[in-house]
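Q: Build me a structure from this.
(one chain, ligands or ions: 2)
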Amino acid sequence: MPTSRTATATSTHPVDILQQVFGYAAFRGQQAAVVEQVVQGGDALVLMPTGGGKSLCYQVPAIARHRAGQGVTLVVSPLIALMHDQVGALAEAGVAAAFLNSTLEGDEARRIERDLLAGRLVLLYAAPERILTPRFLAMLDSLHERGLLSLIAIDEAHCVSQWGHDFREEYLGLSQLHERFPDVPRLALTATADDHTRADIVLRLALEDARLFVASFDRPNIRYQIVEKDNPRAQLLRFLHDEHEDDAGIIYCQSRKKVEETATWLAGEGVSALPYHAGLDADVRRRHQDRFLREDGIVMVATIAFGMGIDKPDVRFVAHLDLPKNIEGYYQETGRAGRDGAPATAWMAYGLADVVNQRRMIDEGEAAEDFKRLQRAKLDALLALAEAHDCRRVRLLAYFGEASKVCGNCDNCLQPPPLWDATDAARKALSCIYRFHQQSGFGFGAGHLIDVLRGKLTDKVTQRGHERLSTFGIGADVTEQAWRSVLRQLVALGHVRSVGEFNTLELSDSARAVLKGEVPVMLRVAAEAPARGRGGKAPRGSAGSSRSAAGKPPPLPLDDAGLLRFAALKAWRGEIAREHKLPPYVVFHDAALAEMAREAPDSLDALAGISGVGAKKLEAYGPEILRVLQG
Ligand code: ADP
Ligand code: ZN
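A: Ligands and ions are numbered 1, 2, ... in the order given. Okay, the predicted model is just below:
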């Protein structure tokens with residue numbers, strides 16, 4: 001392989017470019033087919049999950065076509081904040097790339113425009129609102145007239161769909177590009193898979209003739225875990241402590257307030273946690289995002305305002321402390337874990353209150369009734385996933401229309417949950433709700449219902465005379481926690497509704513069949529509760545102690561000498577990253593450093609064999625890396 005890496009820098013063959021510029025041995029999945037289509041001048045619509053490798057689908061053709069004298073590739077990207085790192089990564093690989101946006105000084109922008117018009121740039125990144133200005137369009141005209149507008153790549157193409165959750169008005173204007181430059185090939189890319197959004201993209205971007213590439217949406221390295229909420233803080237701490245000590249991760253919460261409280265509390269427990277939500281100062285947000293990208297092992301506690309376009313490869317976990325709105329959201333958010341292909345976890349804790357809250361938010365929303373119906377159906381699909389006893393991945397993929405086999409890498413596959421026949425318990429709960437209404441004329445909440453079922457003589461019970469109900473004490477044999485799980489399931493399945501300010505429980509029409517014993521209810525045995533107040537074993541020397549100096553462990557097992565080399569390489573990378581004002585992973589991924597530490601190459605040729613070491617990085621850093629490795 002080293003021979004092909006040192007091959008001429010003028011090859012237009014995609015595999016040569018992949019090896020020589022990016023230092024990767026082979027294309028993954030559909031990449032080769034997409035690249036082929038685009039290099040030859042065809043249009044393409046690419047649906048690939050996050051981490052699937054979309055960038056190379058346009059970067060390799062851009063280089064091939066530029067080398068063939070066809071000029072620059074325009075990359076439409078929605079987020080100004082992230083262009084800097086993307087262009088930085090290309091520069092590290094020796095590719096002439098730039099971005100034009102409002103963060104540039106006038107001089108710098110003019111220099112880039114000159115390079116652009118002279119045909120020196122291989123890739124130019126810009127946001128749609130910039131591209132659609134008369135000045136920018138005039139530059140594109142000039143390039144186009146001279147045959148130097150090679151390709152238009154539209155990243156995050158789902159932003160053009162009003163139906164999706166990331167709609168951006170400016171994306172609608174992009175159809176102009178096609179009208180203006182009908183002969184320039186176009187490539188639209190997105191990680192949003194559903195049919196509706198896909199159809200919207202084709203329609204709004206006039207991609208009827210584009211070839212469609214749909215990758216598998218499976219993310220085999222992500223392990224899905226969904227736990228029943230029972231003291232969620234202790235559960236979260238235990239998860240962090242047992243599975244992701246010192247790892248970078250994202251914790252999603254629904255509200256800004258909860259984000260702040262959770263981040264403060266985690267910091268107090270010794271976790272390097274930072275808050276992020278739209279209510280924070282732009283400055284604070286930028287600083288926190290920067291630290292998350294640039295430092296090791298930062299845990300970002302965030303609302304869903306955080307995440308789009310975050311392409312940090314080594315996010316090791318995504319945790320949900322609140323239920324997302326639907327499976328699309330869940331999949332997109334969890335998809336931010338493990339882009340580098342190394343093991344990662346998607347963890348969620350969910351409980352009855354989540355179901356109730358989400359339903360209420362839909363009910364009380366401003367949306368039209370048919371939209372609410374759709375939202376309810378989507379929430380139900382997510383609840384079914386959360387309550388599932390079988391393979392989570394099979395269910396997730398089935399939701400996106402993909403058939404698959406049981407995965408062996410989700411909680412249910414790894415530890416099939418013990419089930420119990422809860423049909424009888426469900427009937428008792430339903431009939432007790434029925435008695436409340438019959439006796440008092442209105443309903444009560446879950447807590448009171450459970451007290452009555454378990455035969456507890458609380459003040460409220462005696463005030464209401466509920467100890468005289470025929471259902472009083474009929475469920476004393478079932479634990480409180482098991483009752484919660486029964487009720488959650490009944491609400492999730494839609495047999496029971498939770499209404500009004502006090503979340504009182506009411507029967508829905510479908511409850512009748514369960515009451516009559518026509519519908520069996522199988523439930524997982526409620527998990528054993530973690531010790532209250534602390535996360536199992538003492539988590540990370542509490543009270544704000546700093547993390548161990550060694551930092552995060554390497555992604556490969558290394559012996560002691562290897563660990564020393566890994567640490568030395570990381571220190572060296574940190575200096576380069578600071579010098580170049582880039583996140584460290586843009587210089588080299590951890591995986592590349594770990595492979596160097598393990599193989600300890602002693603020549604440039606041997607170093608070139610490490611995945612991720614392309615010709616430019618070999619030339620720029622090779623000698624220094626060899627020196628660092630020699631200690
Ligand atoms: P996406 O944009 O689809 O989320 P990226 O383009 O960021 O994904 O790629 C995800 C990660 O996979 C990146 O770190 C990238 O360098 C790596 N990658 C992509 N294609 C390959 C390949 N063919 N060989 C090795 N690594 C790859
Ligand atoms: Zn599974």
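Q: Which residue does the stretch 1-150 of the chain have closest to ligand 2?
A: The nearest approach of the stretch 1-150 of the chain to ligand 2 comes at residue 49, 16.7 Å away (C-beta to the ion). Using the backbone N, CA and C atoms, a C-beta is placed for each residue, glycine as well.
Q: Just give me the neighbour total for that residue.
A: 21 (other C-beta atoms under 10 Å).
Q: looking at it, residue 399 is touching residue 330, isn't it?
A: No. Between residue 399 and residue 330 there is no contact, the gap being 9.7 Å when judged by C-beta atoms under 8 Å.
Q: if I look at the two, which residues touch both of them?
A: Common neighbours of residue 399 and residue 330 are listed as residue 385 (criterion: C-beta atoms under 8 Å, 6 or more residues apart in numbering).
Q: Neighbour count: these two, which is higher?
A: Set residue 399 next to residue 330 and count neighbours by other C-beta under 10 Å: residue 330 wins out with 25 against 21.
Q: secondary structure element for the residue lying closest to residue 194 once chain neighbours are set aside?
A: Computed as C-beta to C-beta, 6 or more residues apart in numbering, the closest residue to residue 194 that is not its neighbour in sequence is residue 328, at 6.4 Å. Element membership of residue 328, judged by DSSP states H and E, is helix 327-334.
Q: Provide the contact partners of that helix at residue level.
A: 50, 165, 191-192, 194, 217, 219, 222, 224, 250, 252, 304, 307, 318, 320, 324, 346, 348, 378, 381-382, 385, 396, 399-400.
Q: Recalculate using a threshold of 7 Å.
A: 165, 191, 194, 222, 252, 304, 307, 318, 324, 346, 378, 381-382, 385, 396, 399 (C-beta atoms under 7 Å, 6 or more residues apart in numbering).
Q: tell me which residues in stretch 564-573 are buried?
A: Going by neighbour count (16 or more other C-beta atoms under 10 Å), the buried part of stretch 564-573 is 565, 566, 567, 568, 569, 570, 572, 573.
Q: Relative to residue 368, how far out is the residue lying closest to residue 256 once chain neighbours are set aside?
A: Distances taken as C-beta to C-beta, 6+ apart put residue 277 closest to residue 256, at 4.4 Å, once the chain neighbours are dropped. Distance, residue 277 to residue 368, using C-beta to C-beta, to the nearest Å: 28 Å.
Q: Looking at the two, which has the bigger crowd around it?
A: Taking other C-beta under 10 Å, residue 277 and residue 368 do not tie; residue 277 has more neighbours (21 against 9).
Q: avg pLDDT for the helix or strand containing residue 233?
A: Secondary structure from DSSP H and E places residue 233 in helix 232-243. Model confidence over helix 232-243, given as mean pLDDT, is 96.
Q: Could you list every helix and strand in contact with that helix?
A: strand 344-350 (3 or more C-beta pairs under 7 Å, 6 or more residues apart in numbering; DSSP states H and E).
Q: distance between the strand it packs on and the chain's centre?
A: 12 Å (C-alpha atoms, centre = their mean, to the nearest Å).
Q: Buried residues of the helix or strand following it, list them for me.
A: The helix or strand immediately downstream of strand 344-350 is helix 352-364, counting by DSSP H and E. Neighbour counts over helix 352-364 (16+ other C-beta under 10 Å) mark 352, 353, 354, 355, 356, 357, 358, 359, 362 as buried.
Q: Relative to residue 414, which of those is nearest.
A: Of all the buried residues of helix 352-364, residue 414 sits closest to residue 354, with 23.7 Å by C-beta to C-beta.
Q: Give me the number of neighbouring residues for the residue nearest to residue 194.
A: Counted with other C-beta under 10 Å, residue 328 comes out at 20.
Q: For ligand 2, see how far away the residue lying closest to residue 584 once chain neighbours are set aside is.
A: Once flanking residues are discounted, residue 584 sits nearest to residue 577: 4.3 Å by C-beta to C-beta, 6+ apart. To ligand 2, residue 577 is 37 Å away according to C-beta to the ion, to the nearest Å.
Q: could you dump the helix or strand in which residue 577 is found to CSV, C-alpha only?
A: Take DSSP H and E as the rule and residue 577 turns out to sit in helix 560-580. Only the C-alpha atoms of helix 560-580 are listed here, as CSV (Å, rounded to 0.1, in the frame of the first residue of the first chain):
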residue,chain,number,x,y,z
ASP,A,560,2.6,-0.2,28.8
ALA,A,561,5.1,1.0,26.2
GLY,A,562,2.2,1.5,23.8
LEU,A,563,0.3,3.6,26.3
LEU,A,564,3.3,5.8,26.8
ARG,A,565,3.6,6.3,23.1
PHE,A,566,-0.1,7.0,22.8
ALA,A,567,0.1,9.7,25.5
ALA,A,568,3.2,11.2,23.8
LEU,A,569,1.4,11.3,20.5
LYS,A,570,-1.6,12.9,22.0
ALA,A,571,0.5,15.6,23.6
TRP,A,572,2.2,16.3,20.3
ARG,A,573,-1.2,16.4,18.5
GLY,A,574,-2.5,18.8,21.1
GLU,A,575,0.3,21.3,20.2
ILE,A,576,-0.4,21.0,16.4
ALA,A,577,-4.1,21.5,17.0
ARG,A,578,-3.6,24.6,19.1
GLU,A,579,-1.1,26.0,16.5
HIS,A,580,-3.6,25.4,13.7
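Q: what's the closest residue to residue 591 other than its chain neighbours in contact with, if anything?
A: Among residues not flanking residue 591 along the chain, residue 555 sits closest, at 5.2 Å (C-beta to C-beta, 6+ apart). Residue 555 sits next to 342, 590, 591, 594 when contact means C-beta under 7 Å, 6+ apart.
Q: returning to what we had before: which among the contacts of helix 327-334 end up buried?
A: Here, 16+ other C-beta under 10 Å leaves 165, 191, 194, 222, 252, 304, 307, 318, 324, 346, 378, 381-382, 385, 396, 399 buried among those.
Q: on that earlier part again, show me the contacts of helix 327-334 that map onto helices.
A: 378, 381, 382, 385, 396, 399 (DSSP state H).
Q: The fifth one and residue 94: what is the separation?
A: So that's residue 396. Counting by C-beta to C-beta, the gap from residue 396 to residue 94 is 39 Å.
Q: Enumerate every residue touching residue 158.
A: Residue 158 neighbours (C-beta under 7 Å, 6+ apart): 164, 166, 190, 192, 197, 201.
Q: mind redoing it with 10 Å?
A: 47, 78, 164-168, 171, 188-194, 197-198, 200-201, 332 (C-beta atoms under 10 Å, 6 or more residues apart in numbering).
Q: Among those, name the buried ones.
A: 47, 78, 164-166, 168, 171, 188-194, 197-198, 200-201, 332.
Q: Among the residues you listed, which ones lie close to ligand 2?
A: With C-beta under 5 Å from the ion as the criterion, no member of the buried ones among the contacts of residue 158 is in contact with ligand 2.
Q: Where does the stretch 101-250 of the chain get nearest to ligand 2, which residue?
A: residue 224 (7.1 Å).
Q: and that residue, what element?
A: Counting by DSSP H and E, residue 224 is part of strand 222-228.
Q: Quick check, the residue nearest to residue 584 in contact with residue 89.
A: No. Applying C-beta atoms under 10 Å, one finds residue 577 not in contact with residue 89, separated by 11.4 Å.
Q: Now do the shared contacts for these two.
A: 583, 585, 586, 587.
Q: Just the closest of those residues to ligand 2, please.
A: Using C-beta to the ion, the shared contacts of residue 577 and residue 89 come closest to ligand 2 at residue 585, 29.1 Å.
Q: Could you report the neighbour count for that closest one?
A: Count around residue 585 with other C-beta under 10 Å applied: 24.
Q: Which residue is the nearest non-sequential neighbour of it?
A: For residue 585, the closest residue by C-beta to C-beta, 6+ apart turns out to be residue 313, at 5.6 Å.
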